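Colleague: Here is a sequence with its predicted model. Questions after.
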Amino acid sequence: MTLDEVKIGGLGASRKRVEDNRFIRGTGNYVDDIVLPDMLHMEILRSPLAHARITSIDTSKAWEIPGVHLVLTGEMMAARNLAWMPTLSYDTQAVLATDKVRFQGQEVACVIADDPYTAKDACEAIVVDYEPLAPIVNPEQALAPDAPLIRDDKEGQADNVIFDWEVGDREATERAFAEADHVSTLDLHYPRSHPSPIEACGSIADFDRSTSKLTVYMTTQAPHIIRAAVALVAELPEHMIRIISPDLGGGFGNKVPVYPGYVASILASILLERPVKWIEDKSGNLISTGFGRDVYLKGELALRKDGKILGVRMHTDSDHGAFFADAQPSKFKIGLMHSTFACYDVGAAHLTARGVYTNKAPGGVAYRCSFRVTEAMFFQERMVQAAADELGIDQAEIRRMNFVRDDDFPHRTPFGFLTDSGQYGKCLEVGLEAVGYADFARQKEEARRRGRLLGIGISTMTEPLGAGNSREYDILGIKMFDSAELRVHTSGKAILRTGAKTQGQGHETTWGQIVAHELGIPAEDIIVEEGDTDTAPFGMGTYASRSTPVAGAAVSMVARKIRAKARKLAAHLLEVSEEDIEWELGRFYVRSAPDRGVTIQECAMAAYTNVPDGMEPGLENTAYYDPPNLTWPFACYIATVEVDPETGVWDVLNLVAVDDCGVRINPMIVEGQIMGGLTEAFAMASMQFITFDADGNCVGSNYMDYLLPTAWETPGFELHEVVTPCPHHPIGAKGVGECATVGGPAAFVNAVMDAISHTGVRNIDMPLLPDRVYEALSTGRDVSGAPPVKTDES
Amino acid sequence: MTSLFSEISPEPAADVPVRRITVTVNGQRRSADVEPRLLLAHLLRQAFRLTGTHTGCDTTNCGACTVLYDGQPVKSCTMLAVQADGHEVTTVEGLAGASELHPVQEGFRDEHGLQCGFCTPGMMLAAKALLDRNPDPTEDEVRWALSGNLCRCTGYQNIVKSVLWAADKMRGPDTGGGGDRHDEEQP
Ligand code: FES
Ligand code: FES
């Protein structure tokens, strides 16, 4: 009798999450919950200025405060060759500033004391003299010929350019533009945003002098990569470093980079020979840790008059702040920006991209996004809408006409990626149907007559997920792949460990489901552990929606290795040759006598009690999975909005999402991810951004100024699905955690632009705050959001 | 007993003023010697080791630190520990009975109302406070009651469902989902 896969928690089961048991009881184990004997506390003193030379630091008053054990400055770090550290993008970043400060909030000194209150007191007692320098707050200023040099610490750095990069076929693109009936252009700014998980960053470093072993509990999405980085910085061999990433209160890309606080706590622990805990406060987190976006996009589309896209040209200037500090798969300096227009059949494309240094916190992290795909897809969908408007073509029709067709896969995108599967047209039709597209035009007309402004916005996009493969993707030279290790115990209960690291995505639940699917062992009999470099196999961590595409595939593959060995054991137990054995979920049987069989649990027992001659005992294995290609989930998001012409306030009437992420392991979790992603998309479109004034002061250093949507503002969402299995993923899954964040913003912005299209306004930069919409409505002009947004003079 | 954090500072420094307070936490009377500036959130987390109360922002915005203070939801990052002297505090650890989960906890688990779980204790306590005063809230009333609590993972939709699920369960089978209506104040 075959097991019911859904009942045992296999593929397709909306299995309740196992991790929830501890979270709903308040017994989760986040970094700040951990207390070690003899532990000290560290606080960081940050720069109040965006750009200034440090003339002196006087720490004498801080040392005098009872309970203070250590005051660290850049000079002391420099004496140990630790004032600077390598970043994950082959740049360097100051751990504690020595020469000058380069952004507001930069780390200048650290105090280690008995408790955090005393450490904070002591930070306030440190006197730093700054000689202010002119701050640079946007790429235009950074690229000016007379711009002050921000990174004068770097030999050979003569300007503020980090990279100047080009991809695509310039000539073919020029030919396409020459043949075009119409050229559509748009300038966009994708504003700087902070991923802002509710839990900030933190670490507890514990150096044990007797064993020379360094253990660090850390809020990190990528413990193994961090271990490699720490080995480089601390000059300790890797086997003497153990990174433990316990429960994380969200990550969204913010917890990928290496932060100075981690490094300083490690040095402090080595110097003091005691555990040192550093827990960042929220404003420290908001002003100094990995930002996303901040890209200026200039785009041109070459079109035939019937709407066929002939070519795409794009230039981007991205603001990376003072240090190029995000994780980048090295070949692509601006991530996967050139995945733009991947779902459309476009003949030619050409992209130039510059990255610049400014006096802002290090940015460019892939905030709920795989390496700049969010900006690429936003650009794509805003361009397509603008082109449709200009040519007077229906916005659904222009997409239909240009989509890659279902039978055109594998498809080579204009920048050379290979996409493998998709039903783009079907997704769109499902969405249009659900939103009542045909009827909406009529409603909109009627409303218009009564002075109400309704609008509809479509965003259709495909996202490249699952970095690797290892040929093309690496971080600090370490190839991108992922891993899983499965140990099946005597009774058939098992422990699975992977090189990924959940931050709320529910790995403990879904990985068990994959094993249940492959082996028929009930998911509840499998526990999952991640995040400890001493026990987990080497892996690249969790970001860029790569868990299911890569680590999830490794889980499948290791389970298949276990099955292969179990099959040999089954043949031995059933006393037939292996060729005569058949498999059904949870059971091997003799082909000619289906009643004669053994369960996977019986095979597990045999692995420890009754192995054939010559076979190694035990039932455990490890798989490293190097994906043959990226996976390409597709989605269609359609928003309808009403704009109040009197105030510029807009409300979401409806948001329909159709996601094709391939096979869904746990539909409940997939839907949870989509809803979370849509909320972040709504946030970016409507309110969430961090900007800077002309002096480089960060406007948005706490949750009063950095607006995040609450349950009250967040609209409801209507979810639909289309399933096109990924042909090269072992279970056909594609990844989904970010799709809605990537594709969603354009749906909201396109909807608002549609509602006010009668004014002739072509663009309002995000977030579409009521004052910006009102300004557009009342002036009929585009509204730029590029910082500094408002200065005293303006 | 403790100046700031018991595990690291058993003896308060001589010049630090301390005050003895007694708080009933999850039904249990507990005393501590605290500095007047110590925040309630830190008293609970560090001195009493009740780490289910999380701190996300320290500025009364995120709600992760929400606890019930004499039954009312408060943000424990913005209250001093001394203000709790003589009062009752309920934290997430006190939500469940000896063996049973509180319906709000069940609701969050059943309706997938959490992902990373960091906002969850605060959300659940805010939800409990709502249901205690309004057993039959509308969706809007739930959204309004939770608007002091931020979640970055879930998008709230399932959190709202979780609370409505708990309301249903708490009203029991006999009420037929009805019950008196107390309108929440809304803007
Ligand atoms: S930590 Fe108290 S409200 Fe955020
Ligand atoms: S579940 Fe992560 S913040 Fe709410």
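Modeller: In hand now; what should we look at? Ligands and ions are numbered 1, 2, ... in the order given.
Colleague: quick one, phi psi at A:Val137?
Modeller: For A:Val137, the backbone dihedrals (degrees, to the nearest 10) come out as phi -120, psi 0.
Colleague: residue contacts, the spatially most central residue of chain B?
Modeller: In chain B, the centroid-proximal residue (Cα atoms, centre = their mean) is B:Val67; its distance is 2.6 Å. Contacts for B:Val67 (Cβ atoms under 8 Å, 6 or more residues apart in numbering or on different chains) come out as B:Leu40, B:Leu44, B:Thr53, B:Pro73, B:Val74, B:Ser76, B:Val89, B:Thr90, B:Thr91, B:Leu125. (C-beta placed from N, C-alpha, C; glycine too.)
Colleague: Okay, and the beta partners of it?
Modeller: Here B:Val67 sits in beta bridges with B:Val74, as judged by DSSP bridges.
Colleague: Now A:Asp754: closest residue in space, sequence neighbours ignored.
Modeller: Leaving aside its chain neighbours, A:Asp754 sits nearest to A:Gly455 (3.6 Å; criterion: Cβ to Cβ, 6 or more residues apart in numbering or on different chains).
Colleague: Could you double-check that the one you found sits in contact with A:Ile638?
Modeller: No: in this structure, A:Gly455 is not within contact of A:Ile638 by Cβ atoms under 8 Å, at 11.2 Å.
Colleague: Grab the nearest non-local neighbour of A:Ile572.
Modeller: If you look again at residue A:572, you'll see it is His, not Ile. A:Pro612 (4.2 Å).
Colleague: ok but that neighbour is inside a strand, no?
Modeller: No: A:Pro612: not assigned to a strand; according to DSSP: H, G, I helix; E, B strand; the rest coil it is coil.
Colleague: circling back: okay, the residue nearest to the centre of chain B: pLDDT?
Modeller: Listed pLDDT for B:Val67 reads 98.
Colleague: ok, it to A:Tyr217 distance?
Modeller: Distance, B:Val67 to A:Tyr217, by Cβ to Cβ, to the nearest Å: 25 Å.
Colleague: lowest-pLDDT helix or strand in chain A?
Modeller: In chain A, no helix or strand scores lower on mean pLDDT, DSSP states H and E than strand A:474-475, which sits at a mean of 83.
Colleague: give me the low-pLDDT residue ranges for chain B?
Modeller: Within chain B, the ranges that satisfy pLDDT under 70 run B:1-15, B:174-187.
Colleague: so where do the strands sit in it?
Modeller: Here chain B has its strands, by DSSP state E, at B:19-25, B:28-34, B:66-69, B:72-75, B:88-90.
Colleague: Stretch A:124-143 near chain B anywhere?
Modeller: No: using Cβ under 8 Å from any Cβ of the partner chain, stretch A:124-143 stays clear of chain B, coming no nearer than 13.6 Å.
Colleague: The contacts of B:Val67 also near ligand 2: which ones?
Modeller: Restricting those to those touching ligand 2 (Cβ under 6 Å from any ligand atom) yields no residues.
Colleague: Can you tell me which of the residues you listed is closest to ligand 2?
Modeller: B:Leu125 (13.6 Å; Cβ to the nearest ligand atom).
Colleague: ok, that closest one to B:Phe108 distance?
Modeller: Counting by Cβ to Cβ, the gap from B:Leu125 to B:Phe108 is 11 Å.
Colleague: Show me which residues of chain B are close to ligand 1?
Modeller: Going by Cβ under 6 Å from any ligand atom, the residues of chain B near ligand 1 are B:Thr55, B:Gly56, B:Cys57, B:Asp58, B:Thr60, B:Asn61, B:Cys62, B:Gly63, B:Ala64, B:Cys65, B:Lys75, B:Cys77.
Colleague: Now distance to ligand 2 too, for the residues you listed, in CSV please.
Modeller: Output for the residues of chain B next to ligand 1, formatted as CSV (distance: Cβ to the nearest ligand atom, whole Å):
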residue, distance to ligand 2
B:Thr55, 13
B:Gly56, 8
B:Cys57, 12
B:Asp58, 16
B:Thr60, 17
B:Asn61, 13
B:Cys62, 9
B:Gly63, 10
B:Ala64, 8
B:Cys65, 13
B:Lys75, 16
B:Cys77, 16
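Colleague: Just give the closest residue to the residue of chain A found nearest chain B, not the sequence neighbours.
Modeller: The minimum distance from chain A to chain B, using Cβ to the nearest Cβ, falls at A:Gly26 (1.9 Å). Distance criterion Cβ to Cβ, 6+ apart; nearest residue to A:Gly26, sequence neighbours excluded, is B:Gly52 at 1.9 Å.
Colleague: Show me where the stretch 351-500 of chain A has its strands.
Modeller: Assigned by DSSP state E, counting those that start in this stretch, the strands in the stretch 351-500 of chain A fall at A:411-412, A:418-419, A:453-462, A:474-475, A:478-479, A:482-488, A:494-498.
Colleague: rewinding a little: between the contacts of B:Val67, which is closest to ligand 1?
Modeller: Closest approach between these and ligand 1, by Cβ to the nearest ligand atom: B:Ser76, at 6.5 Å.
Colleague: Contact residues of chain A facing ligand 2?
Modeller: A:Ile198, A:Gly250, A:Gly504.
Colleague: and residue 118, how many neighbours?
Modeller: I'll assume chain A. A:Thr118 is flanked by 25 other residues according to other Cβ atoms under 10 Å in any protein chain shown.
Colleague: could you do chain B instead?
Modeller: What B:Phe118 shows, counting by other Cβ under 10 Å, is a neighbour count of 29.
Colleague: Now do the contacts for the nearest residue to it once chain neighbours are set aside.
Modeller: Closest residue to B:Phe118 apart from its sequence neighbours, by Cβ to Cβ, 6+ apart: A:Gly249 at 3.0 Å. By Cβ under 8 Å, 6+ apart, the contact set of A:Gly249 is A:30, A:197-199, A:219, A:503-504, B:54, B:56, B:116-119.
Colleague: Make CSV out of the residues you listed and add distance to A:Arg274.
Modeller: Below are the contacts of A:Gly249 laid out as CSV (distance: Cβ to Cβ, whole Å):
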residue, distance to A:Arg274
A:Tyr30, 21
A:Pro197, 28
A:Ile198, 29
A:Glu199, 24
A:Thr219, 21
A:Gln503, 29
A:Gly504, 32
B:His54, 25
B:Gly56, 27
B:Cys116, 30
B:Gly117, 30
B:Phe118, 28
B:Cys119, 32
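Colleague: how about those, which pair is most distant?
Modeller: The span of the contacts of A:Gly249, defined through Cβ to Cβ, is set by A:Thr219 and B:Cys119 at 15.7 Å.
Colleague: got the residues of the stretch 451-600 of chain A near chain B?
Modeller: So the stretch 451-600 of chain A meets chain B at A:Gln503, A:Gly504, A:Gln505, A:Gly506 (Cβ under 8 Å from any Cβ).
Colleague: Inside helices: which ones of those?
Modeller: Using DSSP state H, no member of these falls in helices.
Colleague: which among those residues gets closest to ligand 1?
Modeller: Using Cβ to the nearest ligand atom, those come closest to ligand 1 at A:Gly504, 17.8 Å.
Colleague: Count the neighbours of the closest one for me.
Modeller: Other residues near A:Gly504 number 28, with proximity taken as other Cβ under 10 Å.
Colleague: Could I get the contacting residues of the nearest residue to it once chain neighbours are set aside?
Modeller: Using Cβ to Cβ, 6+ apart and skipping residues adjacent in sequence, the residue nearest A:Gly504 is B:Cys116, 3.1 Å away. Residues in contact with B:Cys116 (Cβ under 8 Å, 6+ apart) are A:Pro197, A:Ile198, A:Glu199, A:Asp247, A:Leu248, A:Gly249, A:Gly250, A:Gln503, A:Gly504, B:Arg152, B:Cys153.
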